[in-house]
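Colleague: Build me a structure from this.
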Amino acid sequence: DHRRLGGRVDRVTGKTKHAEDRGDVDDGAAAICAHRRNGLAGQPERGADIGVDYPVKMPVLGRMHRSGVTHAGIVDEDARRSKLGVDGHPARGDFLPPVPLPRRMWAGSKVELLKPLEVGSKITRLSTIKKVTIKEGRSGALVFVEIDHQVSGSDGVAVTDLQTVVYRGEAPLQTDAPASKAQSKPLPDGALWSETVTPDTVLLFRYSALTFIGHRIHYDRDYTINEEGYPALLVHGPLTATMLLDLARRNLADQEITGFDVRASGPLFDNAPFTIHGKLDDSGTKAELWAVNNEGELSMSVSANRG
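Modeller: Presented below is the predicted three-dimensional model:
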């Protein structure tokens, strides 16, 4: 039923869109290019450091490395301002379903990195809504939308990304009784690598700009606090995942990552530092990675397969 090149089916689940790449992307978990309008994969020398304090690893032999979430910065949607919602995302009801709940969060991804993307090749992405699930949380209704992205280069499908987005209701009023806080998930132990990250507005702005993410909760403090009810600007979930995967890449330089599963369990904000950690699992075939907020609570976990 799926009609490519902008077509869609007439139901929410199974709706598909097909897009050509609109920009350059360079290597790895720490670099995403700002140039996005020539339909080609980035050249090795054209990279943009998102703000980390270590050298950016460049592609080898004209290929983009697989060890990261580089695909997050390519083939993204060029929505006109008139097509944006109040939150800065493309308005719902075209590709994304018309969920009436106002607040949106990225909940995680399951990614397979099947082959490198050749520098200079045209890149396309086919996106399909796979499932829409309604649940009841502590603070009200939640809607989970699963979106299957398939990113292809000249040699076929290179990356698959089954992404989950969650929609939530309005933030509770200040006069309302606070909702009960979820019990924090237990933290892994035995970290082999640990680092402290101190986010700031420059880091969040650069990542938003380089990935063409217009979500206002990452750069518009007044909107984030007064409209969505958060205490500060939110660190992008994919940015946290990028940092975790790059932590593994820098400590496991002999092998590439061939896939990873990301689960976001709580937000991180720009008003406090957080820590990232990693280790090998007992079999030595996977890297277990996690981020912890300033209160010692698990914010994100990543299980990454080693090649």
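Colleague: Need the three-state assignment for the spatially closest residue to N271 that is not a sequence neighbour.
Modeller: Across the structure, with C-beta to C-beta, 6 or more residues apart in numbering as the measure, the residue nearest N271 apart from its sequence neighbours is A232 (3.9 Å). Quick note: C-beta positions are derived from backbone N, CA and C, even for glycine. The assignment at A232 comes out as coil when based on DSSP: H, G, I helix; E, B strand; the rest coil.
Colleague: thinking A232 is in contact with P267, fair?
Modeller: No. The pair A232 and P267 does not pass the contact test of C-beta atoms under 8 Å, sitting 9.4 Å apart.
Colleague: thinking again about what came up before, name all residues that make contact with the residue nearest to N271.
Modeller: Shown in contact with A232 (C-beta atoms under 8 Å, 6 or more residues apart in numbering): 221, 224-225, 269-272.
Colleague: confidence score at R37?
Modeller: According to the prediction, R37 has pLDDT 29.
Colleague: ditto for R168
Modeller: Reading off the confidence values, R168 has pLDDT 91.
Colleague: Please, where are all the helices along the chain?
Modeller: 201-211, 221-226, 237-251 (DSSP state H).
Colleague: Dump the ones you listed into TSV; add distance to P97 and mean neighbour count as well.
Modeller: Compiled in TSV, the helices of the chain are given as follows (distance: least, C-beta to C-beta, whole Å; neighbours: other C-beta atoms under 10 Å):
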stretch	distance to P97	mean neighbour count
helix 201-211	23	18
helix 221-226	23	14
helix 237-251	20	23
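Colleague: Of all those helices, which one is nearest A107?
Modeller: Closest of the helices of the chain to A107 is helix 237-251, at 7.8 Å (criterion: C-beta to C-beta).
Colleague: May I have that closest one as PDB, with CA atoms only?
Modeller: Once non-C-alpha atoms are left out, helix 237-251 reads as follows in PDB (Å, rounded to 0.1, in the frame of the first residue of the first chain):
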ATOM      1  CA  GLY A 237      18.000  12.700  24.000                       C
ATOM      2  CA  PRO A 238      20.000  11.900  20.800                       C
ATOM      3  CA  LEU A 239      22.800  14.200  22.000                       C
ATOM      4  CA  THR A 240      23.100  12.200  25.300                       C
ATOM      5  CA  ALA A 241      23.100   9.000  23.200                       C
ATOM      6  CA  THR A 242      25.800  10.500  21.000                       C
ATOM      7  CA  MET A 243      28.000  11.200  24.000                       C
ATOM      8  CA  LEU A 244      27.400   7.700  25.400                       C
ATOM      9  CA  LEU A 245      28.300   6.000  22.100                       C
ATOM     10  CA  ASP A 246      31.300   8.200  21.700                       C
ATOM     11  CA  LEU A 247      32.500   7.300  25.200                       C
ATOM     12  CA  ALA A 248      32.500   3.600  24.000                       C
ATOM     13  CA  ARG A 249      34.100   4.500  20.700                       C
ATOM     14  CA  ARG A 250      37.000   6.300  22.300                       C
ATOM     15  CA  ASN A 251      37.600   3.400  24.800                       C
END
